[in-house]
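[1] can you look at this prediction? I've put the sequence above it.
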Amino acid sequence: FRLARHVTDHQEAEYIVFCGVHFMAESADVLSSTRQRVILPDLAAGCSMADMAGIEQLESCWSELQAKSIENIIPVTYINSAASIKAFCGERGGVVCTSSNAEAVLKWAWERGQKILFLPDQHLGRNTACRMGVSLDDMVVWDPELEDGGVSSGDLDVAKLILWKGHCSVHTRFTVGQIEQARTAHPDIHVVVHPECTNEVVTAADSNGSTEYIKNLISEAPSGTTWGVGTEISLVNRIASENPDKTVFCLDTVVCPCSTMYRIHPAYVSWVLDGLLEGQIVNQITVDEKTRKFSRIALERMLTVV
């Protein structure tokens, strides 16, 4: 949401040097005006989760579902996906969601179709639906590497939610064992995790929510409280520094940062800015017109669903 609002509120800027990952830079290009140019300092800054859903795989999945007469499906994609995936959803009546409005988006989609195809993160889809009271028996996982997704026609017929087999490599590192260890060391701890974690971890935690939810929950908590957090270490460290009156630590003691997110560093930004001063544009991110049109539709729908 912050990305979309920032881009649309700064239409006068000629260049957008995007210090994030590739799928975000694509979204920035989609939402920007035609006179603006989006630059990604390091093209290797990507997202392993987004890479788990390719457009050819999605098109094959859709065709197989149609061949099985599985219809009235609304495609929903997490913001962590390529522009081509967003466009696919936008062209077929679907929408993009964030971890903040995932529940509202699922409600929106079920008002328009009997089934939802949710991608690429199965855990966000599963945890959000469970929070809405949907049974795990009403969900199936579509594996794009298997014939027919590895799902029987009978299971597809009864499923309300078809989850794409994708995940976040950072958030799936968190375990129930880590939570148990944290509770043993700190009996009064409050454990909060991101919904990209597995369902077992989310169930074992005290609460779960988006990065903004986690940040606000801890900042508004009483002084002296203790927090075990299950999300990317850079956010945990920032929350800890902003709340010196509380004990805040990451549940994963090994600490596995998002390696692709860390690829953007000052040297790359300086290189890009120096190039602009010399009239050179490097690493410009451009989305073709058709993809831009339909991915923008899906993103604009996202902004209306709260």
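    Noted; the coordinates are in hand.

[2] okay, and V141 sits in which element?
    Using DSSP states H and E, V141 sits within strand 139-142.

[3] for that strand, packing partners?
    Here strand 139-142 touches helix 122-131, strand 161-164, going by 3 or more Cβ pairs under 8 Å, 6 or more residues apart in numbering; DSSP states H and E. All C-beta spots, glycine's among them, are computed from the backbone N, C-alpha and C.

[4] ranking the ones you listed by burial, who's on top?
    strand 161-164 (a mean of 26; mean count of other Cβ atoms under 10 Å).

[5] okay, buried residues for the helix or strand following the strand holding V141 please.
    Where DSSP H and E defines the elements, the next helix or strand beyond strand 139-142 is helix 153-158. If you call a residue buried by 16 or more other Cβ atoms under 10 Å, then helix 153-158 has these buried ones: L156.

[6] pretty sure L235 sits against I214.
    Yes: contact criterion Cβ atoms under 8 Å: L235 and I214 qualify, at 7.4 Å.

[7] correct me if wrong: W271 contacts P41.
    Yes: shown here, W271 and P41 form a contact pair, counting by Cβ under 8 Å, at 7.0 Å.

[8] settle it for me: which of these two has more neighbours?
    P41 (23 against 13; other Cβ atoms under 10 Å).

[9] now that one: how far from S81?
    Computed as Cβ to Cβ, to the nearest Å, the P41 to S81 distance reads 21 Å.

[10] doesn't W271 fall inside a strand?
    No: judged by DSSP: H, G, I helix; E, B strand; the rest coil, W271 forms no part of a strand; its state is helix.

[11] hang on, the earlier thing: now the helices and strands packed on strand 139-142 in CSV, with distance to V306 and mean pLDDT?
    Shown next, in CSV, are these (distance: least, Cβ to Cβ, whole Å; pLDDT from 0 to 100):
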stretch, distance to V306, mean pLDDT
helix 122-131, 15, 98
strand 161-164, 21, 98
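
[12] reformat these as a markdown table; add distance to I239.
    Below are the helices and strands packed on strand 139-142 laid out as a markdown table (distance: least, Cβ to Cβ, whole Å):
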| stretch | distance to I239 |
| --- | --- |
| helix 122-131 | 20 |
| strand 161-164 | 29 |
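
[13] looking at those, which is nearest to E145?
    strand 161-164 (11.4 Å; Cβ to Cβ).

[14] okay, now the sheet partners of the closest one, with direction.
    Each strand paired with strand 161-164, and its direction, by DSSP bridges: strand 115-119 (parallel), strand 139-142 (parallel).

[15] do a quick rundown of the helices in the protein.
    Listed in chain order, the helices of the chain (DSSP state H) span 2-9, 22-31, 48-51, 55-67, 83-91, 102-110, 122-131, 153-158, 176-185, 199-204, 211-219, 233-242, 266-277, 289-304.

[16] any chance of those in a markdown table, plus distance to T253?
    Formatted as a markdown table, the helices of the chain follow (distance: least, Cβ to Cβ, whole Å):
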| stretch | distance to T253 |
| --- | --- |
| helix 2-9 | 30 |
| helix 22-31 | 29 |
| helix 48-51 | 22 |
| helix 55-67 | 35 |
| helix 83-91 | 34 |
| helix 102-110 | 29 |
| helix 122-131 | 21 |
| helix 153-158 | 38 |
| helix 176-185 | 8 |
| helix 199-204 | 15 |
| helix 211-219 | 19 |
| helix 233-242 | 11 |
| helix 266-277 | 29 |
| helix 289-304 | 36 |
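
[17] of all these, which lies closest to E145?
    helix 55-67 (8.5 Å).

[18] may I have the closest one as PDB, with CA atoms only?
    Output of helix 55-67 as PDB, limited to C-alpha atoms (Å, rounded to 0.1, in the frame of the first residue of the first chain):
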ATOM      1  CA  ILE A  55       3.300 -17.100 -16.000                       C
ATOM      2  CA  GLU A  56       3.600 -20.300 -18.100                       C
ATOM      3  CA  GLN A  57       2.900 -22.400 -15.100                       C
ATOM      4  CA  LEU A  58      -0.100 -20.300 -14.200                       C
ATOM      5  CA  GLU A  59      -1.500 -20.500 -17.700                       C
ATOM      6  CA  SER A  60      -1.100 -24.200 -17.700                       C
ATOM      7  CA  CYS A  61      -2.800 -24.500 -14.300                       C
ATOM      8  CA  TRP A  62      -5.700 -22.400 -15.500                       C
ATOM      9  CA  SER A  63      -6.100 -24.500 -18.600                       C
ATOM     10  CA  GLU A  64      -6.100 -27.700 -16.600                       C
ATOM     11  CA  LEU A  65      -8.700 -26.400 -14.200                       C
ATOM     12  CA  GLN A  66     -10.900 -25.400 -17.100                       C
ATOM     13  CA  ALA A  67     -10.400 -28.900 -18.700                       C
END
